[in-house]
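Peer 1: What follows is a predicted structure for the sequence shown.
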Amino acid sequence: MAHSAGRTESRGRPLRRDRLAAAGAATGGGLIRPLGAAVMSLAVARTAGLDVLGAVVRVQILVQLVALVAQWGGRQALVRAMATEPGGRTAQWRAGVVARLPVLVVPGALLVAVLAPGSMKTVAVIWFAALWFTEMVEARVTVGRHFVAAGLVDVAVLGAALVALASVPDRTIAVVWVYAGAASLRSGMLWWTTQAAKPRPVACRTGIDRLRVDSPLAGAALAGYGQSRGAVVLAA
(Lines give C-alpha, C1' and ligand atoms only; values in the text may rest on other atoms or scores of the structure.)
Protein backbone atom coordinates (compact mmCIF):
# COMPACT_ATOMS: atom_id res chain seq x y z
CA MET A 1 0.00 0.00 0.00
CA ALA A 2 2.81 2.38 0.90
CA HIS A 3 4.56 1.62 -2.39
CA SER A 4 1.33 2.32 -4.32
CA ALA A 5 0.83 5.59 -2.48
CA GLY A 6 4.41 6.56 -3.34
CA ARG A 7 3.80 5.95 -7.04
CA THR A 8 0.61 8.03 -6.90
CA GLU A 9 2.44 10.90 -5.22
CA SER A 10 5.30 10.74 -7.74
CA ARG A 11 2.81 10.90 -10.61
CA GLY A 12 1.14 13.90 -9.02
CA ARG A 13 4.36 15.90 -8.73
CA PRO A 14 4.81 16.57 -12.47
CA LEU A 15 1.19 17.69 -12.66
CA ARG A 16 1.69 20.12 -9.80
CA ARG A 17 4.89 21.40 -11.39
CA ASP A 18 3.08 21.93 -14.69
CA ARG A 19 0.32 23.86 -12.94
CA LEU A 20 2.82 26.01 -11.06
CA ALA A 21 4.74 26.68 -14.28
CA ALA A 22 1.52 27.64 -16.07
CA ALA A 23 0.52 29.93 -13.20
CA GLY A 24 3.95 31.57 -13.21
CA ALA A 25 3.86 32.06 -16.98
CA ALA A 26 0.35 33.52 -16.79
CA THR A 27 1.42 35.93 -14.04
CA GLY A 28 4.48 37.00 -16.01
CA GLY A 29 2.40 37.50 -19.14
CA GLY A 30 -0.09 39.56 -17.17
CA LEU A 31 2.72 41.89 -16.07
CA ILE A 32 4.18 42.38 -19.55
CA ARG A 33 1.10 44.13 -20.96
CA PRO A 34 0.73 46.89 -18.33
CA LEU A 35 4.49 47.44 -18.33
CA GLY A 36 4.42 47.64 -22.12
CA ALA A 37 1.57 50.14 -21.99
CA ALA A 38 3.55 52.30 -19.56
CA VAL A 39 6.64 52.14 -21.79
CA MET A 40 4.56 53.14 -24.82
CA SER A 41 3.02 56.08 -22.95
CA LEU A 42 6.46 57.32 -21.89
CA ALA A 43 7.74 56.92 -25.44
CA VAL A 44 4.80 58.89 -26.87
CA ALA A 45 5.28 61.64 -24.28
CA ARG A 46 8.98 61.94 -25.14
CA THR A 47 8.66 61.77 -28.93
CA ALA A 48 5.33 63.50 -29.58
CA GLY A 49 4.60 65.47 -26.42
CA LEU A 50 2.03 65.36 -23.64
CA ASP A 51 -0.72 66.96 -25.74
CA VAL A 52 -0.54 64.15 -28.29
CA LEU A 53 -0.41 61.57 -25.49
CA GLY A 54 -3.57 63.03 -23.96
CA ALA A 55 -5.38 62.95 -27.30
CA VAL A 56 -4.30 59.35 -27.91
CA VAL A 57 -5.45 58.30 -24.43
CA ARG A 58 -8.90 59.77 -25.07
CA VAL A 59 -9.21 57.79 -28.32
CA GLN A 60 -7.84 54.70 -26.58
CA ILE A 61 -10.41 54.85 -23.79
CA LEU A 62 -13.28 55.18 -26.25
CA VAL A 63 -11.99 52.34 -28.45
CA GLN A 64 -11.42 50.04 -25.47
CA LEU A 65 -14.84 50.78 -24.01
CA VAL A 66 -16.65 50.07 -27.27
CA ALA A 67 -14.62 46.89 -27.77
CA LEU A 68 -15.49 45.78 -24.24
CA VAL A 69 -19.21 46.12 -24.97
CA ALA A 70 -18.87 44.18 -28.22
CA GLN A 71 -16.90 41.38 -26.55
CA TRP A 72 -19.91 40.55 -24.33
CA GLY A 73 -18.09 38.73 -21.58
CA GLY A 74 -15.19 37.96 -23.90
CA ARG A 75 -12.47 35.68 -22.68
CA GLN A 76 -14.14 34.46 -19.47
CA ALA A 77 -17.34 33.45 -21.24
CA LEU A 78 -15.48 31.61 -23.99
CA VAL A 79 -13.18 29.84 -21.52
CA ARG A 80 -16.20 28.68 -19.56
CA ALA A 81 -17.90 27.36 -22.70
CA MET A 82 -14.73 25.61 -23.89
CA ALA A 83 -14.21 23.99 -20.49
CA THR A 84 -17.63 22.32 -20.66
CA GLU A 85 -16.66 20.40 -23.82
CA PRO A 86 -12.88 19.71 -23.79
CA GLY A 87 -13.09 17.52 -26.89
CA GLY A 88 -14.77 20.26 -28.92
CA ARG A 89 -13.05 23.40 -27.71
CA THR A 90 -12.53 24.90 -31.15
CA ALA A 91 -16.19 24.38 -32.07
CA GLN A 92 -17.29 26.04 -28.82
CA TRP A 93 -14.89 28.92 -29.43
CA ARG A 94 -16.17 29.47 -32.97
CA ALA A 95 -19.78 29.35 -31.81
CA GLY A 96 -19.05 32.00 -29.18
CA VAL A 97 -17.29 34.26 -31.67
CA VAL A 98 -20.07 33.93 -34.27
CA ALA A 99 -22.70 34.69 -31.62
CA ARG A 100 -20.92 37.96 -30.80
CA LEU A 101 -20.66 39.20 -34.39
CA PRO A 102 -24.06 41.00 -34.30
CA VAL A 103 -22.94 42.83 -31.15
CA LEU A 104 -19.87 43.95 -33.08
CA VAL A 105 -21.89 45.98 -35.59
CA VAL A 106 -23.68 48.49 -33.34
CA PRO A 107 -20.65 49.47 -31.20
CA GLY A 108 -18.57 49.71 -34.38
CA ALA A 109 -21.06 52.10 -35.97
CA LEU A 110 -21.18 54.10 -32.74
CA LEU A 111 -17.41 54.37 -32.71
CA VAL A 112 -17.34 55.73 -36.26
CA ALA A 113 -20.07 58.28 -35.46
CA VAL A 114 -18.43 59.59 -32.28
CA LEU A 115 -14.83 59.96 -33.41
CA ALA A 116 -13.47 62.83 -35.47
CA PRO A 117 -14.09 62.81 -39.23
CA GLY A 118 -11.53 61.79 -41.79
CA SER A 119 -8.88 59.13 -41.42
CA MET A 120 -9.39 58.86 -37.64
CA LYS A 121 -12.57 56.85 -38.28
CA THR A 122 -10.72 54.21 -40.25
CA VAL A 123 -7.89 53.74 -37.78
CA ALA A 124 -10.27 53.69 -34.80
CA VAL A 125 -12.39 50.94 -36.35
CA ILE A 126 -9.26 48.90 -37.16
CA TRP A 127 -8.04 49.32 -33.58
CA PHE A 128 -11.46 48.39 -32.22
CA ALA A 129 -11.72 45.26 -34.37
CA ALA A 130 -8.21 44.15 -33.40
CA LEU A 131 -8.95 44.52 -29.68
CA TRP A 132 -12.22 42.62 -30.09
CA PHE A 133 -10.63 39.69 -31.89
CA THR A 134 -7.64 39.62 -29.53
CA GLU A 135 -9.97 39.13 -26.58
CA MET A 136 -11.59 36.22 -28.39
CA VAL A 137 -8.20 34.63 -29.16
CA GLU A 138 -6.97 35.07 -25.59
CA ALA A 139 -9.58 32.52 -24.53
CA ARG A 140 -7.60 30.01 -26.59
CA VAL A 141 -4.40 31.17 -24.91
CA THR A 142 -5.93 30.54 -21.48
CA VAL A 143 -7.42 27.14 -22.27
CA GLY A 144 -4.36 25.94 -24.18
CA ARG A 145 -1.96 27.46 -21.61
CA HIS A 146 0.04 29.23 -24.31
CA PHE A 147 1.22 31.80 -21.78
CA VAL A 148 4.92 31.73 -22.61
CA ALA A 149 4.24 32.13 -26.33
CA ALA A 150 1.78 34.95 -25.61
CA GLY A 151 4.40 36.71 -23.49
CA LEU A 152 6.93 36.47 -26.30
CA VAL A 153 4.32 37.89 -28.68
CA ASP A 154 3.75 40.84 -26.35
CA VAL A 155 7.49 41.57 -26.17
CA ALA A 156 7.85 41.35 -29.96
CA VAL A 157 4.84 43.61 -30.56
CA LEU A 158 6.13 46.18 -28.05
CA GLY A 159 9.49 46.26 -29.83
CA ALA A 160 7.83 46.70 -33.22
CA ALA A 161 5.58 49.47 -31.86
CA LEU A 162 8.52 51.38 -30.39
CA VAL A 163 10.40 51.17 -33.69
CA ALA A 164 7.31 52.37 -35.57
CA LEU A 165 6.75 55.18 -33.07
CA ALA A 166 10.25 56.49 -33.70
CA SER A 167 9.57 56.54 -37.44
CA VAL A 168 6.23 58.38 -37.65
CA PRO A 169 5.41 62.11 -37.43
CA ASP A 170 4.56 63.49 -33.98
CA ARG A 171 0.85 63.85 -34.79
CA THR A 172 -2.08 62.23 -33.03
CA ILE A 173 -3.34 60.34 -36.08
CA ALA A 174 0.11 58.86 -36.74
CA VAL A 175 0.50 57.68 -33.14
CA VAL A 176 -3.00 56.20 -33.14
CA TRP A 177 -2.07 54.27 -36.28
CA VAL A 178 0.92 52.84 -34.40
CA TYR A 179 -1.36 51.67 -31.58
CA ALA A 180 -3.86 50.19 -34.03
CA GLY A 181 -1.10 48.46 -35.97
CA ALA A 182 0.37 47.00 -32.78
CA ALA A 183 -3.05 45.70 -31.72
CA SER A 184 -3.60 44.14 -35.14
CA LEU A 185 -0.14 42.54 -35.13
CA ARG A 186 -0.72 41.11 -31.65
CA SER A 187 -4.10 39.74 -32.69
CA GLY A 188 -2.66 37.98 -35.73
CA MET A 189 0.37 36.59 -33.91
CA LEU A 190 -1.73 35.22 -31.05
CA TRP A 191 -4.10 33.60 -33.54
CA TRP A 192 -1.19 31.97 -35.34
CA THR A 193 0.28 30.80 -32.01
CA THR A 194 -2.94 29.22 -30.80
CA GLN A 195 -4.12 27.74 -34.11
CA ALA A 196 -5.91 24.51 -33.18
CA ALA A 197 -6.48 21.24 -34.98
CA LYS A 198 -9.62 20.55 -36.99
CA PRO A 199 -12.57 20.68 -34.55
CA ARG A 200 -14.82 17.78 -33.74
CA PRO A 201 -18.54 18.50 -34.34
CA VAL A 202 -20.33 19.17 -31.04
CA ALA A 203 -23.61 20.76 -29.98
CA CYS A 204 -23.03 24.44 -29.16
CA ARG A 205 -25.21 27.28 -27.95
CA THR A 206 -25.48 29.91 -30.66
CA GLY A 207 -26.97 33.36 -31.27
CA ILE A 208 -29.22 34.96 -28.67
CA ASP A 209 -29.04 31.94 -26.38
CA ARG A 210 -25.27 32.28 -26.16
CA LEU A 211 -25.46 36.04 -25.51
CA ARG A 212 -28.11 35.55 -22.82
CA VAL A 213 -25.98 33.02 -20.96
CA ASP A 214 -22.90 35.27 -21.15
CA SER A 215 -24.63 38.55 -20.22
CA PRO A 216 -23.66 38.44 -16.49
CA LEU A 217 -19.99 38.24 -17.47
CA ALA A 218 -20.45 41.13 -19.89
CA GLY A 219 -21.97 43.27 -17.15
CA ALA A 220 -19.18 42.42 -14.73
CA ALA A 221 -16.53 43.29 -17.32
CA LEU A 222 -18.14 46.68 -18.03
CA ALA A 223 -18.38 47.48 -14.32
CA GLY A 224 -14.74 46.59 -13.79
CA TYR A 225 -13.63 48.70 -16.73
CA GLY A 226 -15.62 51.67 -15.48
CA GLN A 227 -13.98 51.48 -12.06
CA SER A 228 -10.45 51.11 -13.47
CA ARG A 229 -10.77 53.91 -16.05
CA GLY A 230 -12.81 56.50 -14.16
CA ALA A 231 -9.82 58.49 -13.00
CA VAL A 232 -8.17 58.28 -16.41
CA VAL A 233 -11.28 59.66 -18.13
CA LEU A 234 -11.33 62.66 -15.80
CA ALA A 235 -7.63 63.29 -16.27
CA ALA A 236 -7.82 63.03 -20.05
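Peer 2: Thanks, I have it.

Peer 1: mind listing the helices for the protein?
Peer 2: According to DSSP state H, the chain carries its helices in the segments 2-47, 50-71, 74-83, 89-114, 119-144, 147-165, 172-193, 207-235.

Peer 1: so where's this protein shaky on pLDDT?
Peer 2: Residue ranges of the chain with pLDDT under 70: 1-29, 86, 196-236.

Peer 1: So Asp154 sits against Met189, correct?
Peer 2: No - judged on C-beta atoms under 8 Å, Asp154 makes no contact with Met189 at a distance of 9.2 Å. Just so you know, the C-beta spots here come from the backbone N, C-alpha and C atoms, and that holds for glycine as well.

Peer 1: Pull the number of nearby residues for Val69.
Peer 2: Neighbour count of Val69, defined by other C-beta atoms under 10 Å: 18.

Peer 1: quick one: it and Val44, what's the gap?
Peer 2: Applying C-beta to C-beta, to the nearest Å, the value for Val69 to Val44 is 26 Å.

Peer 1: same deal with Leu162?
Peer 2: 10 Å.

Peer 1: These two: who's more crowded?
Peer 2: It is Val44, of Leu162 and Val44, that has more neighbours when counted by other C-beta under 10 Å, with 23 against 17.

Peer 1: Quick check: chain neighbours aside, which residue is closest to the more buried one?
Peer 2: Nearest residue to Val44 in three dimensions, chain neighbours excluded: Leu53, at 4.7 Å (C-beta to C-beta, 6 or more residues apart in numbering).

Peer 1: can you check Val97 too?
Peer 2: Met136 is the one closest to Val97 (C-beta to C-beta, 6+ apart), at 5.1 Å.

Peer 1: Quick one: residues contacting the closest residue to Ser119 other than its chain neighbours.
Peer 2: Residue nearest to Ser119 in three dimensions, not counting chain neighbours: Ile173, with 6.0 Å by C-beta to C-beta, 6+ apart. The contact partners of Ile173, taken as C-beta atoms under 8 Å, 6 or more residues apart in numbering, are Ser119, Met120, Val123.

Peer 1: what number of residues lie near Val63?
Peer 2: Neighbours around Val63, by other C-beta under 10 Å: 27.

Peer 1: For PyMOL, write the selection for the buried entries among the contacts of Ile173.
Peer 2: Here is the PyMOL selection string for the buried members of the contacts of Ile173, based on 16 or more other C-beta atoms under 10 Å:
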select buried, resi 120+123
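
Peer 1: What is the nearest of the contacts of Ile173 to Ala113?
Peer 2: Nearest to Ala113 out of the contacts of Ile173 is Met120 (C-beta to C-beta; 12.1 Å).

Peer 1: about what we covered before: ok, so of the contacts of Ile173, who is nearest Gly73?
Peer 2: So of these, ranked by how close each gets to Gly73 (C-beta to C-beta), first place is Val123, at 26.5 Å.

Peer 1: one step back: how close does the residue nearest to Val97 get to Gly181?
Peer 2: 19 Å.

Peer 1: same question, Gly74
Peer 2: Using C-beta to C-beta, we find Gly74 at a distance of 22 Å from Gly181.

Peer 1: try Leu162
Peer 2: In terms of C-beta to C-beta, Leu162 sits 12 Å off from Gly181.

Peer 1: Likewise for Ala43?
Peer 2: Using C-beta to C-beta, Ala43 is found at 15 Å from Gly181.
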